[in-house]
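K.L.:
show me the folded form of this:
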Amino acid sequence: MSRRNAFTLIELLVVIAVIAILMAILMPALSRAREQGKRTVCVNNLKQLTVGWILYADDNNDKIPPANTGLAAAWVRWLGNNLPREQQIPGITSGLLYRYCPEVSLYKCPTGIRGEYVTYAITDAMNGYNGIPGTKDLMVYRRSQVKRADERIVFLDEGRLSPNSWTLWYDQERWWDQITARHGDGTNFGFADGHGEYWKWKDPRTLDVAKADYNTWQNTTRNGADSYSYGNEDLHRVQRGVWTKLGYTPAARP
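P.N.:
Numbering: from 1, shown residues only. Model (predicted):
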């Protein structure tokens, strides 16, 4: 009588162990590839929104759209927090850029917060909040005012929609609104010439800001000592991208 060939228990255990080792090797690579894909989609979203921003100016006598989303007429409209989808989407479709970017998915990063449909923001400098000390002559209201457009930040991935533009100090070495770090400890920006970039943060203090609890930061931390970041090249780089220059002499890193 013939015997059927079969794996022994030891052989099965060896095969399972090999599969487990291969999975352990491959999973980090797959995770990085998945994150790279999300980062690429986010950058492309910002590029398309910035192109829409440029086209809006071309059609409106060089004027750029208001960045404060709490206004009745802005690039998108903030209609409130924690609203159902059907109540949030009209804030996108009634925005001034929807004519140029008529796809709702463009307004959200793939890693965005569940229930949020706009995760991007325009900086204060681009026709936003005009109360930042020392910035009166740095505010941009027409696209022709932008010099070195490839260096000027228009959009960034803020993480969630608020009723304002994205705010950053000019004359102080500190953060105002949070910066994000959802893409491999970095974030994405859209620039005034229509291109997008990913910036990876180098200073651990930037990640502390990015990973702080949102409500704690908004209500407490940004008003205290933890908002200061002396000698932080990440902060300097973003401030130059927003305001073109620093309104202070940088301190040495402690």
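K.L.:
which pLDDT does the model give the most centrally placed residue in the chain?
P.N.:
In the chain, the residue lying closest to the centroid (Cα atoms, centre = their mean) is residue 157, at 1.3 Å. What the model reports as pLDDT for residue 157 is 94.
K.L.:
for it, give me the backbone phi and psi.
P.N.:
phi -80, psi 100 (degrees, to the nearest 10).
K.L.:
hang on, isn't it packed against residue 118?
P.N.:
No: counting by Cβ atoms under 8 Å, residue 157 sits too far from residue 118 to count as a contact (10.8 Å). (C-beta placed from N, C-alpha, C; glycine too.)
K.L.:
hmm, residue 160 is touching residue 114, no?
P.N.:
No: Residue 160 lies out of contact with residue 114 (Cβ under 8 Å); the separation is 10.7 Å.
K.L.:
so for these two, which sits in the more crowded spot?
P.N.:
residue 160 (18 against 4; other Cβ atoms under 10 Å).
K.L.:
excluding chain neighbours, what is closest to that one?
P.N.:
Nearest-residue entry for residue 160: residue 116, 4.8 Å, with adjacent residues in sequence omitted and distances by Cβ to Cβ, 6 or more residues apart in numbering.
K.L.:
what does residue 54 give?
P.N.:
residue 194 (5.9 Å).
K.L.:
ok, residue 44 next?
P.N.:
residue 196 (7.0 Å).
K.L.:
which phi and psi does that neighbour have?
P.N.:
phi -120, psi 150.
K.L.:
touching, it and residue 46? I think so.
P.N.:
Yes: look at residue 196 against residue 46 with Cβ under 8 Å: they come within range, at 4.4 Å.
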